[in-house]
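Enquirer: Predicted model, plus sequence, below.
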Amino acid sequence: MSLRSSGVIDSAAVRDMIPLCIPAIPFGLVVGIAISESAMPVAAGQSLSTVVFAGAAQLATVTLAGVASWWAVVVAVAIINARHVMYSAALSPMFVGQPLWVRLIAPMVLVDQQFALMVLYREDDPRAIRRYYLTAGLGFWAVWQLTTALGIVVGPAIPSGLRLGFAPAVMFTGLVVLSVRGSAVPWAAASAALAGALVSAAGVGLRDRAGILLGAIVGVSVGTIVEACREEEAP
């Protein structure tokens, strides 16, 4: 794909991000619905979309709010977001020559879709990298604000018994789609997401919404094992 462009907005980034937005839309709606039912105030839940911008961690936070201890929330979010350490390490060479303001903003929009795009990026010009990264990242951010807000609006119209019971499974299933489409280690990421979906669905009735925590732990463990096995098989 051609990645060169001119101007403030990178048209190639807009084109490339659209397919990855499609599976994220239902995920955003699920998070919005979760916010509408959570013990957390709606304004606070939606503010997480704006200032945190981490879908899986946001869903864990709003679904655990008021029904789980604070440590369960912290541990679940830390485990779910641990993958961002790897993302940052993998993309760090691209930002060596970037201005300080770019290096401060860039982590804010480093989500799964953004990482999937950047591992395929083949441009060396720091200005081109900056335009592409920020265009795609801010685009994903804007889509997330709209979809979670829409989920909050439609949430009250959905029967309460159908809302959050299997939201964690939907969350991890969404990550399966994203990882297969763009991850540098697709089978490890897909295996992690699928394992997380199955475990969290099986643990729907556990106290303190522990199914989300268990799903995250099992998912990370399975993904690590699968990736290690594939590395050993590689010549």
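Expert: That came through, no problem.
Enquirer: use CA for all of it now, contacts and neighbours both
Expert: Will do.
Enquirer: The chain: helices as residue ranges?
Expert: Under the criterion DSSP state H, helices of the chain are mapped to 11-21, 24-37, 42-51, 55-64, 70-80, 83-91, 100-105, 112-118, 126-154, 167-182, 186-202, 210-233.
Enquirer: So which other helices or strands are in contact with the fourth one?
Expert: Judged by 3 or more CA pairs under 8 Å, 6 or more residues apart in numbering; DSSP states H and E, the packing partners of helix 55-64 are helix 24-37, helix 42-51, helix 70-80, helix 167-182.
Enquirer: Point out where the chain drops to low pLDDT.
Expert: 1-7, 158-190, 204-213, 216, 220, 230-235 (pLDDT under 70).
Enquirer: State the distance from M17 to G139.
Expert: According to CA to CA, to the nearest Å, M17 and G139 sit 8 Å apart.
Enquirer: no wait, A56
Expert: From A56 to G139 the distance is 18 Å (CA to CA).
Enquirer: same check, this time on S200
Expert: 30 Å.
Enquirer: Ok, V102 next?
Expert: 16 Å.
Enquirer: Compare those two and say which is more crowded by neighbours.
Expert: Using other CA atoms under 10 Å as the criterion, V102 and G139 rank with G139 on top: 18 against 14.
Enquirer: need the contact list for the more buried one.
Expert: For G139, the contacting residues are V14, M17, by CA atoms under 8 Å, 6 or more residues apart in numbering.
Enquirer: switch the cut-off to 6 Å
Expert: Under the criterion of CA atoms under 6 Å, 6 or more residues apart in numbering, G139 has no contact partners.
Enquirer: From here on, call the first residue 56.
Expert: Sure, I'll start numbering at 56, so the last one becomes G194.
Enquirer: buried stuff in stretch 132-147?
Expert: Judged by neighbour count using 16 or more other CA atoms under 10 Å, the buried positions of stretch 132-147 are V132, I135, N136, Y142.
Enquirer: What is the end-to-end distance of that stretch?
Expert: Termini of stretch 132-147 sit 23 Å apart (CA to CA).
Enquirer: how close does the nearest residue to R158 once chain neighbours are set aside sit to I184?
Expert: For R158, ignoring the flanking residues on the chain, the nearest one in space by CA to CA, 6 or more residues apart in numbering is F150 at 6.7 Å. F150 sits 8 Å away from I184, going by CA to CA.
Enquirer: More neighbours: those two, which one.
Expert: I184 (21 against 16).
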